[in-house]
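Participant: sequence plus the predicted model coming up.
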Number of protein chains: 2
Amino acid sequence: MPNIFDELNPPHRILMGPGPVGIDPRVLRAMSMPMLGQFDPVFTTYMNETMELYRQVFQTKNKWTFLVDGSARAGAEMLLVSLISPGDKVLVPVFGRFGHLLAEIARRCRAEVVEISREWGTVFTAAELTAAIEQHKPKILAIVHGDTSTTMAQPLDGIGEVCRKHGVLVYADATATLGGMNVDVDGWKLDAVSAGLQKCMSGPPGSAPVTVNERVAELVKRRKHVEAGIKPAGFVEGDGPIIQSNYFDLAMLMDYWGDSRLNHHTEAATMLYGAREAARVVLMEGLEPCFARHRQASAALTAGLTAMGLKLFGDQAHKMPNVTGVVIPQGVDPDGVRRMMLDNFSIEIGTSFGPLHGKIWRIGTMGYVCRKENVLACLDALEVCLRKFGFNAPAGAGVAAAQAAYAGK
Amino acid sequence: MPNIFDELNPPHRILMGPGPVGIDPRVLRAMSMPMLGQFDPVFTTYMNETMELYRQVFQTKNKWTFLVDGSARAGAEMLLVSLISPGDKVLVPVFGRFGHLLAEIARRCRAEVVEISREWGTVFTAAELTAAIEQHKPKILAIVHGDTSTTMAQPLDGIGEVCRKHGVLVYADATATLGGMNVDVDGWKLDAVSAGLQKCMSGPPGSAPVTVNERVAELVKRRKHVEAGIKPAGFVEGDGPIIQSNYFDLAMLMDYWGDSRLNHHTEAATMLYGAREAARVVLMEGLEPCFARHRQASAALTAGLTAMGLKLFGDQAHKMPNVTGVVIPQGVDPDGVRRMMLDNFSIEIGTSFGPLHGKIWRIGTMGYVCRKENVLACLDALEVCLRKFGFNAPAGAGVAAAQAAYAGK
C-alpha cells in the first residue's frame, strides 16, 4: 500500500520575508480556471494580452515582452545566455548576493566577466558605473536593480544613456522591484529586463516576466536555430553562435510568442493565468498608487523599528521600500526570534546571506502582503519576541510610531 | 488609462490532443492553498513528501527524485546539461520529434552526438539499440520513451542492463508515458528519467518530475560549484567541468532538495502543491488500474476509429495507450475538421509535426481526460465533422464499437 500522505493543509502565514509573499486571492482564483490547449485561439489571445499587460507594468513599448516558464533566475539566465556569446566581456557591478549570481551565470555562458564591488548595504554612484564602463568597455552590463540580500536599490536612471554612448547592452534584474517601485524600462533605456511574480507582483514563484528591445532582438535573430523535428522548409539558420540552451533560447521563445507560433515548450497555462491576473491587479490599483503603498509601509515600518530602539541596516537613501534590513541586537538569538515569530504569530521574517548572516533580519512589505494591518502585527509580535529574548523595547512604541507614520504625522 | 482586459473566462474544452490535457479538479484545488515560505518547516515537509510520492510514481528507490521548475523540456535539459561534459559522446535514437529535441539539446551541451534513426511510426528493436551501443560506445544513451509526435512507445526493458555492461549512462524522457503506462525506473535500470505533469499525470504544464540514481549523483558531485554569495566556509569545488547552466545545475538542485537546503531558486510553491496532488491522485487510483484505464480507452478509441473506416497510424504493437494517430482520409481538410471539432463540440484533437504534418491527427486519452464519456463524445463529434467534410462513416458505428470494447465484447 503506497504512502500517499494527507491532503495539503498549509497553515496561514503572513509572509514578511524578502519573498515569496502571499498570493493575491484574485490571482489564485484566475489560476483555477480550466486548461486550454496551447494553440487554442482563446489561449493565444490570453498570451497576447499578457504581453500587453507586462508592457504596461514594465513601462515599455517593447514588442518582445513575455513570460519565461521558471523562477526569476530562469528569466535572468534566459536573457544572459541569449545575449552572451562565448568570450564576450560582461561587466557586473556586485552590491549583494544577486550580483554574484549574475556574474556566475555569465561565467557559465563563457563570458569574460569583470566584477566591480561595493560593500553590502551601499550602491554604486553613477560616476563609478560610468568610469567602469569606460575603463572596461564591456559588450554587456549586467546589473541588479534591487538586491533583496542587502535591501538596496541601485539607481538605474541615466545608465542606459551611458551604455548606448559606448555601444554597451544593458540587462537589469528587476525581480525585487517590479510592481514595488519605479521600473521605467524605456525611460531608462534598458535593453533587457527580467523579473519574477513572487515579490511585489503578488503572484506565485515560477514565472518570470521579461522584456527586450529591438537591439536585443536583432542580436539574437543572428543566433537563431530551429529544432530538426519542426523546422519549416527553407528556414535559414542564423550565422551567429548557437545559444547554448534550448529551453532558454530567446530567438525560439520569440518564435513561440510571436506571430509564427512555432512550437517550443508547452506554456505553463495556469502560471500564465496567474501572471496575467497579477499584472491586472497591479494595473487596476495603478502603478504609482501601488508604489506609494510600498513607500508608506516602508516609512511606517522603519519608524516603528526605530522607535523600538532598533537600528536599520544600510544606506537608507537607497533602501527598497518593499524590504527593510534591521540589525539584530547584541546577544539576541537570530533564529530563536524568527522561530518564535513563526510559531506564535504565524509571521515569517527573513534571515540573511553571506556577510550579513546572523547580523540582520529582513522584513518584507511586498505586494498583497504590504498592508497596514500586517505592518502593525509584525511590529507588535516582534516586540513580544524580542522581550522574550532579552531585548526590551518601550512597550507599544513600535506600533504607535507606525500608526503615526500611516496617519501622516 | 491602461488597457487591462477582462477577467479570465476560458471556455470549457475537452482536451484530446497530445497534451496538455484537463487538470484534475483535486489538483486545481490543491494549487489554491495558501503560500508558504520556501524554508518554512511545513513547506520543506511538503517537498520531502513530494519526493517520496514521485519515487512511487517512478517506481524507484532513488533518493534524488524531485521537481524542476519549468516545462517537461526543462527537465530533459536539466538532466542532459548536468550529465554531459563537453566532448562526451551521446547516442540518440530518433524515432520522432522528441528524439531530435534530445539530440539538439545534447549538441548545445557540446556533446559529440551520434543519431540513429527509425521511420516515424516505428520503434527500434532491442538488437538495433544494442548494436548501436556496441558500435559507438557512447558515454550516454539519451532516449525518448514515448514520443507523442508519432504515438510510439520505445520498449526500454533490458536496455539499462546493456548500458551497464558497457559503462553507458542511460537517460530516458518519460514525459508522455509517466502515469499512463509502465515506467519502471529501477526495474529497467534507467539512470536518469524526466517527465512532465501535463499529460497522463493530469496536472498543469510547468513542472518536471525527475529522478536520478547514485551513478548520476556521483558524476555530478564532481562538477559541483556554489554561488559566491552563499558559499559555506570551507566548501571545496568539484574537480569536474562546471555545468554550463546555473538554473539547471543538478548538483545545486540536490543541495536545495537535500538536507543541506542550500538556497538556489525559489521553488514554485503552487506548482509543487499541484505536483504533489497529481501524484496522490495517480497513486490513490493505483498505478496498474491507472494504466489499465488508459489501455481500455485506447482499445475503445481504436475500435471506434476502425469501425468508422479510418486507418490507424503506425506500428500498433508499440502505440502508446494514451495517444492514437489516425490517418486523415484523402481529400479531407485536416484543419477544417479540427476547427469544427473545437468550435462546435469544444473538443480539441491534435495536429502533427514534420513528416506527418497534414497526414495524421493525434487523439489523446490522457490522465483526467481519459474517460469513457470523452472517448464516445469524440468519436461522435468526429463522425459529424468528417461527414461535413465529405467523408461518410457508417452512422453510429464508431461509438457502438467503442461501447462494445468498453463492455469487453
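Facilitator: Right, received. Where do you want to start? From a predicted model like this one, the values you see are computed outputs, not experimental measurements.

Participant: now do the contacts for the residue nearest to the spatial centre of chain A.
Facilitator: Closest to where the C-alpha atoms of chain A average out (CA atoms, centre = their mean) is residue A:175, at 1.1 Å. Counting by CB atoms under 8 Å, 6 or more residues apart in numbering or on different chains, residue A:175 makes contact with A:72, A:75-76, A:98, A:146, A:194-196, A:199, A:208. No exception for glycine: its C-beta is placed from N, CA and C like everyone else's.

Participant: ok, now with 6 Å
Facilitator: Residue A:175 makes contact with A:72, A:195-196, according to CB atoms under 6 Å, 6 or more residues apart in numbering or on different chains.

Participant: these in helices, which ones?
Facilitator: Of these, the ones assigned to helices by DSSP state H are residue A:72.

Participant: now the contacts of residue A:175 as a markdown table including pLDDT, distance to residue A:49 and neighbour count?
Facilitator: Below are these laid out as a markdown table (pLDDT from 0 to 100; distance: CB to CB, whole Å; neighbours: other CB atoms under 10 Å in any protein chain shown):
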| residue | pLDDT | distance to residue A:49 | neighbour count |
| --- | --- | --- | --- |
| A:72 | 98 | 22 | 28 |
| A:195 | 98 | 18 | 29 |
| A:196 | 98 | 20 | 32 |
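
Participant: would stretch A:35-45 count as contacting chain B?
Facilitator: Yes. Using CB under 6 Å from any CB of the partner chain, stretch A:35-45 reaches chain B at A:35-37, A:42.

Participant: now those: which count as buried?
Facilitator: Buried residues within the residues of stretch A:35-45 next to chain B, counting neighbours by 16 or more other CB atoms under 10 Å in any protein chain shown: A:35-37.

Participant: closest to residue B:47 out of these?
Facilitator: Relative to residue B:47, the closest of those is residue A:35; by CB to CB it sits at 25.0 Å.

Participant: tell me which element that closest one is part of?
Facilitator: Using DSSP states H and E, residue A:35 falls within no helix or strand.

Participant: so who does it touch?
Facilitator: Applying CB under 6 Å, 6+ apart, we find residue A:35 in contact with A:269, B:20, B:22-23.

Participant: so which of these is surrounded by the most neighbours?
Facilitator: For those, neighbours were counted using other CB atoms under 10 Å in any protein chain shown, and residue B:20 has the most, 32 neighbours in all.

Participant: where does the nearest residue to that residue once chain neighbours are set aside land in three-state SS?
Facilitator: Among residues not flanking residue B:20 along the chain, residue B:198 sits closest, at 3.7 Å (CB to CB, 6 or more residues apart in numbering or on different chains). Secondary structure, DSSP: H, G, I helix; E, B strand; the rest coil: residue B:198 is coil.

Participant: pretty sure residue B:198 contacts residue B:18?
Facilitator: No. Counting by CB atoms under 6 Å, residue B:18 is not a contact partner of residue B:198; they are 10.1 Å apart.

Participant: the more surrounded of those two?
Facilitator: Neighbour tally, residue B:198 and residue B:18, criterion other CB under 10 Å: the higher count belongs to residue B:198, 32 against 29.

Participant: need the contact list for that one.
Facilitator: By CB under 6 Å, 6+ apart, the residues touching residue B:198 are A:266, B:19-20, B:205.

Participant: quick check: the farthest pair among those?
Facilitator: Using CB to CB, the two most remote members of the contacts of residue B:198 are B:19 and B:205, lying 7.8 Å apart.

Participant: picking up where we left off before, which one of the contacts of residue A:175 is nearest to residue B:126?
Facilitator: Nearest to residue B:126, judged by CB to CB, of the contacts of residue A:175 is residue A:72 at 44.6 Å.

Participant: and that closest one, how far is that from residue A:32?
Facilitator: Per CB to CB, to the nearest Å, residue A:72 is found 23 Å from residue A:32.

Participant: kindly report the same for residue A:239.
Facilitator: With CB to CB as the criterion, residue A:239 and residue A:32 are 46 Å apart.

Participant: higher neighbour count, these two?
Facilitator: When neighbours are counted by other CB under 10 Å, residue A:239 and residue A:32 differ, and residue A:32 comes out ahead with 16 against 8.

Participant: wait, what's in contact with that one?
Facilitator: Listed by CB under 6 Å, 6+ apart, the contact set of residue A:32 reads B:28, B:32.

Participant: related to what we said a few turns ago, closest to residue B:343 out of the contacts of residue B:198?
Facilitator: Distances from residue B:343 to the contacts of residue B:198, taken by CB to CB, are shortest for residue B:20, at 19.7 Å.

Participant: so what pLDDT did that closest one get?
Facilitator: If you check residue B:20, the pLDDT there is 96.

Participant: and for residue A:318?
Facilitator: Looking at residue A:318, its pLDDT stands at 98.

Participant: show me where the stretch 1-150 of chain A has helices.
Facilitator: With helices called from DSSP state H, counting those that start in this stretch, the stretch 1-150 of chain A shows them at A:25-31, A:41-58, A:72-83, A:97-108, A:126-136.

Participant: right, so the ones you listed: which one is the most enclosed?
Facilitator: helix A:72-83 (a mean of 28; mean count of other CB atoms under 10 Å in any protein chain shown).

Participant: tell me what that one is packed against?
Facilitator: Packed against helix A:72-83 by the contact rule (3 or more CB pairs under 6 Å, 6 or more residues apart in numbering or on different chains; DSSP states H and E) you find strand A:64-69, helix A:97-108, strand A:192-194, strand A:207-212.

Participant: quick check: angle from it to helix B:72-83?
Facilitator: 70 degrees (axes from the mean of the first three to the mean of the last three CA atoms, to 10 degrees).

Participant: what's the angle from helix A:72-83 to strand A:207-212?
Facilitator: 30 degrees.

Participant: direction-wise, compare helix A:72-83 with helix B:97-108 and give the angle.
Facilitator: Going by the same axes, to 10 degrees, helix A:72-83 makes 70 degrees with helix B:97-108.

Participant: please enumerate residues in contact with helix A:72-83?
Facilitator: A:68, A:105-106, A:109, A:140, A:171, A:173, A:175, A:192, A:194, A:196, A:208, A:210, A:220, A:243, A:245, A:248, A:250, B:247, B:265.

Participant: who in the stretch 251-400 of chain A is up against chain B?
Facilitator: Contacts of the stretch 251-400 of chain A with chain B, taken as CB under 6 Å from any CB, map to A:265-266, A:268, A:270-271, A:273, A:280, A:283-284, A:348, A:353-354.

Participant: if you set the cut-off to 7 Å instead, what comes out?
Facilitator: A:265-271, A:273, A:276-277, A:280, A:283-284, A:348, A:353-354 (CB under 7 Å from any CB of the partner chain).

Participant: so who does residue A:294 touch?
Facilitator: Contacts were defined as CB atoms under 7 Å, 6 or more residues apart in numbering or on different chains; by that measure residue A:294 touches A:180-181, A:200, A:321-322, A:365, A:370.

Participant: meant to ask about residue A:104
Facilitator: Counting by CB under 7 Å, 6+ apart, residue A:104 has contacts B:227-228, B:246.

Participant: of those, list those near chain A.
Facilitator: Checking the contacts of residue A:104 against chain A (CB under 7 Å from any CB), the matches are B:227-228, B:246.

Participant: residue A:62: which of those is nearest?
Facilitator: Nearest to residue A:62 among the ones next to chain A among the contacts of residue A:104: residue B:246, at 25.1 Å, using CB to CB.
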